[in-house]
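In: what's the 3D shape of this:
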Amino acid sequence: MRLVILGGGGFRVPLVHRALLADRTPGRVTELVLHDVDRRRLDAVGKVLAERSEGVPDAPTITATTDLDEALKDADFVFSAIRVGGLAGRAADERVAQDLGVLGQETVGAGGIAYALRTVPVAVDIARRVAAVAPDAWVINFTNPAGVVTEAMSRHLGHRVIGICDSPVGLGRRVARALDVDLDEAWPDYVGLNHLGWLRGLHVGGVDLLPRLLADTDRLESFEEGKLFGADWLRTLGAIPNEYLHYYYATREAVASGASRGAFLLEQQRKFYDDPTFASWDRTRLEREATYMAETRDDERDDGDLDGGGYEQVALALMHAIANDRRATLILNVPNGSTLSVLDVDAVIEAPCLVDANGARPLTVSPLADHAAALVTSVKAVDRAILDAATGGARADALKAFALHPLVDSVGIARGLLDGYREQHPELAYLR
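Out: Residues are numbered from 1 along each chain as shown. The predicted structure is shown next:
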């Protein structure tokens, strides 16, 4: 099987490669193609993968190219993991927002809108090239903001593009561990949008165990989300939110922290790309994981909290389910269909899906609580304004996206954000 990674010079690519080296199942990946627009980053990651492949029997062959059509030719699966503007762009997103007193996180609020506005046009171009060069390929989208980018690509690729994120399964694993159950034997009642979802139940043998967890403060506050939100607030919600909802429930505190994750990662990864070895990559990776959302904590992350969802494992499970027609249930980003009555059929949501050779279909879940439905519909309206702006190039649609977001508190600030981002990012020159 031939797998293409777009953004093949990205820092997390060795995680995918590690999963491929360990995979011995039928239909495994035998050819890995890395594509990136930055040859230096591509060569650096290629060096690390070559080092890790040494001595591994039947390791996938690796090729690297900066030519998109060459990369896509004969692809079975395409992982899209691009970062338009790089980490310097992310740092600028945070800085412009902070200067105006609003949140600049890369997928939530103003920073997420800026990132989407420069990413969606590139993602759409990629979708068109996949449709032309590799029409039978399946695209698995890692690119953030994953929900809106997947929705943009689905307009050209239909059901053959599926978005993934490791946050929901990471949350499920931590909750299952706190309850002393095996997540593989449980049914997680989780739904929302990417980085905007809630775990409303964890069912084992037909019994929902989440009420038991919510009633036990010690267990509830033994893992990341319990520490982040506090037992009282989780009991009030009657659910465990995705960690990114911290930015909605504690907006003032998040803005006041002044944390610049992009600037930190930019400097951290510069050191790796200057000295690209597996040892330097692994050292950098561990530091990256340990400092994730550090501004929200008073202490270091526990080992259990460092165990995220493993997005590369989610991608591998998805790929095998499709390629081998092996039924699986995974939490994915796909068109809504009739799953959430508050959204239209084409709106991309994040929900448990049944996966087989025909792709991924969202399963029935319980309705959203009113407060959650209000937030989901508000943010989806922002997504749609972003897509309108990226399609038509109208400044007014981009302004609408900023002004309607729940974390931007005035139209005047929205204008300042748009002006600031257009000044920082040449990729936004299309907005007129």
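In: and stretch 316-334, what's buried?
Out: 316-324, 329-334 (16 or more other CB atoms under 10 Å). (C-beta placed from N, C-alpha, C; glycine too.)
In: let me fix that, I meant to ask about stretch 33-43.
Out: 33-38, 41-42.
In: same deal with stretch 48-61?
Out: Buried-residue list, stretch 48-61, by 16+ other CB under 10 Å: 48-49, 52-53, 59-60.
In: please apply the same query to stretch 270-279.
Out: Buried, per 16+ other CB under 10 Å, within stretch 270-279: 272-273, 276.
In: picking that back up, looking at the buried residues of stretch 33-43, which are in helices?
Out: The helices, defined by DSSP state H, take in 41-42 from those.
In: of all the buried residues of stretch 33-43, which comes closest to His405?
Out: Val37 (29.3 Å; CB to CB).
In: does that closest one really touch Thr66, like I thought?
Out: Yes: contact criterion CB atoms under 8 Å: Val37 and Thr66 qualify, at 6.2 Å.
In: related to what we said a few turns ago, inside strands: which ones of the buried residues of stretch 33-43?
Out: 33-35 (DSSP state E).
In: how about the residues you listed in CSV, adding distance to Gly258?
Out: Formatted as CSV, those follow (distance: CB to CB, whole Å):
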residue, distance to Gly258
Val33, 41
Leu34, 36
His35, 36
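In: dump the C-alpha coordinates for stretch 32-50 into PDB.
Out: Provided in PDB are the C-alpha atoms of stretch 32-50 (Å, rounded to 0.1, in the frame of the first residue of the first chain):
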ATOM      1  CA  LEU A  32       5.900   6.000   2.100                       C
ATOM      2  CA  VAL A  33       6.100   9.200   0.100                       C
ATOM      3  CA  LEU A  34       6.900  12.500   1.900                       C
ATOM      4  CA  HIS A  35       5.900  15.700   0.200                       C
ATOM      5  CA  ASP A  36       6.800  19.200   1.500                       C
ATOM      6  CA  VAL A  37       7.300  22.600   0.000                       C
ATOM      7  CA  ASP A  38      10.400  23.100   2.300                       C
ATOM      8  CA  ARG A  39      13.200  20.900   1.100                       C
ATOM      9  CA  ARG A  40      15.400  21.500   4.100                       C
ATOM     10  CA  ARG A  41      12.700  20.200   6.500                       C
ATOM     11  CA  LEU A  42      11.900  17.300   4.200                       C
ATOM     12  CA  ASP A  43      15.600  16.300   4.200                       C
ATOM     13  CA  ALA A  44      15.800  16.600   8.000                       C
ATOM     14  CA  VAL A  45      12.800  14.300   8.600                       C
ATOM     15  CA  GLY A  46      14.000  11.900   6.000                       C
ATOM     16  CA  LYS A  47      17.300  11.600   7.800                       C
ATOM     17  CA  VAL A  48      15.500  10.700  11.000                       C
ATOM     18  CA  LEU A  49      13.300   8.100   9.300                       C
ATOM     19  CA  ALA A  50      16.200   6.500   7.600                       C
END
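In: return the residue of the protein that is most distant from the centre.
Out: Gly55 (32.5 Å; CA atoms, centre = their mean).
In: report the secondary structure state of that residue.
Out: Classification of Gly55 using DSSP: H, G, I helix; E, B strand; the rest coil returns coil.
In: how close does it get to Arg285?
Out: 21 Å (CB to CB, to the nearest Å).
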